[in-house]
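Chemist: return a 3D structure for these sequence lines:
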Amino acid sequence: MPVKPSPPARKIPSDSASSVSATAYDTLKRLITSNQLRAGVKLTHQELAERLKVSRTPVREALERLYQEGLVTRLPRRGFYVAEIAEDEARELYELREALEVFALRLSMARGIKPADLRRLDGFNQNYKGLLRDDTTRERMVVDRDWHLALASLADNRALLRSLEAVFERLILKIRTDGYRTVRGQEALREHVEMMKALRAQDKAQAERLLTEHIQGARKRLASHLRELAS
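Modeler: The predicted structure is shown next:
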């Protein structure tokens with residue numbers, strides 16, 4: 001019986017091009033998520049290629065991926081920009097944030113919040129207070145996020161926490177902080193302190209009311225800021 005010839009060895013394509021594209025994508029994403037490329041900044045192929053020391057092709061491919069992920073926008077005849085948040089998107093994200101955080105709070109208070117948990121939350125508030133002396137809007141937003149995520153983590157629901165982390169990521173990455181300054185800082189800290197009092201008193205109704213008002217107030221202030229930027 002004749003032996004079938006083995007199929008020809010499959011040629012393995014060089015992965016150098018895909019590696020360069022992946023590196024360009026990773027680098028650009030890191031520049032955006034670290035706020036080195038800020039919301040609203042125009043992204044030109046040539047400037048990015050020179051900055052990353054690659055050709056324009058991997059830059060173009062990276063920008064397409066980031067566009068699909070919503071981290072950059074593409075305007076006809078104008079090119080790519082680091083994505084900014086629109087008022088409709090902000091409203092939807094804050095509505096989702098409110099639903100997730102209030103539900104997490106209910107779960108947490110039903111489980112019982114320990115003194116060590118309260119001390120950890122107090123630590124975030126102290127860090128936030130220390131940032132009020134400087135015009136460090138984005139840094140305060142990160143500490144505020146960490147406080148809310150720490151509170152939500154007490155619900156011990158990993159799926160919920162991942163969803164809430166994604167909401168905060170989109171909000172913080174895409175908010176242009178020009179003009180979004182320190183006026184909110186003291187008020188936000190005061191609201192956190194009031195919520196801590198309700199948590200210590202195990203007053204579920206008060207804690208839920210304060211958290212809801214806190215998130216809704218933040219949404220309204222951001223909507224006003226976005227309208228000012230658009231005017």
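Chemist: count of residues packed around residue 173?
Modeler: Neighbour count for residue 173, taken as other Cβ atoms under 10 Å: 20. From N, CA and C alone the C-beta is placed, and that goes for glycine too.
Chemist: I misspoke; the intended subject was residue 164.
Modeler: Neighbours around residue 164, by other Cβ under 10 Å: 25.
Chemist: pLDDT value on it, please?
Modeler: What the model reports as pLDDT for residue 164 is 97.
Chemist: now do the contacts for it.
Modeler: Shown in contact with residue 164 (Cβ atoms under 8 Å, 6 or more residues apart in numbering): 97, 100-101, 104, 148-149, 152.
Chemist: now swap in residue 155 and tell me
Modeler: So residue 155 contacts 103-105, 107-108, 111, 161 (Cβ under 8 Å, 6+ apart).
Chemist: which other helices and strands does the helix or strand containing residue 205 contact?
Modeler: If you go by DSSP states H and E, residue 205 is part of helix 204-230. Counting contacts by 3 or more Cβ pairs under 8 Å, 6 or more residues apart in numbering; DSSP states H and E, helix 204-230 is packed against helix 87-111, helix 185-200.
Chemist: orientation of it relative to helix 87-111 in degrees?
Modeler: 160 degrees (axes from the mean of the first three to the mean of the last three Cα atoms, to 10 degrees).
Chemist: returning to what we had before: pick the one among the contacts of residue 164 closest to residue 222.
Modeler: residue 97 (11.2 Å; Cβ to Cβ).
Chemist: run a quick neighbour tally on the closest one.
Modeler: Residues near residue 97, counting by other Cβ under 10 Å, number 20.
Chemist: show the subsequent helix or strand relative to the helix or strand hosting residue 49.
Modeler: Secondary structure assigned from DSSP H and E places residue 49 in helix 45-52. Sequence-wise, the next helix or strand downstream of helix 45-52 (DSSP H and E) is helix 56-69.
Chemist: chain center to that next one: distance?
Modeler: 20 Å (Cα atoms, centre = their mean, to the nearest Å).
Chemist: give me the distance between residue 25 and residue 90.
Modeler: Distance of residue 25 to residue 90, given as Cβ to Cβ, to the nearest Å: 26 Å.
Chemist: about what we covered before: the helix holding residue 49 - what's its average pLDDT?
Modeler: Rounded mean pLDDT across helix 45-52 is 94.
Chemist: which residues are contacting that helix?
Modeler: In contact with helix 45-52 (Cβ under 8 Å, 6+ apart) are residues 23-24, 27-28, 55-56, 58-60, 63.
Chemist: one more time with 10 Å
Modeler: Residues from elsewhere that reach helix 45-52 (Cβ atoms under 10 Å, 6 or more residues apart in numbering): 20, 23-24, 27-28, 31, 37, 44, 54-60, 62-63, 79-80.
Chemist: find the nearest non-adjacent residue to the residue minimising distance to the centre of the chain, please.
Modeler: For the chain, residue 169 is the residue whose C-alpha lies nearest the centre (Cα atoms, centre = their mean; 1.1 Å). Spatially, and ignoring its direct neighbours in sequence, residue 169 is nearest to residue 33 (7.9 Å; Cβ to Cβ, 6 or more residues apart in numbering).
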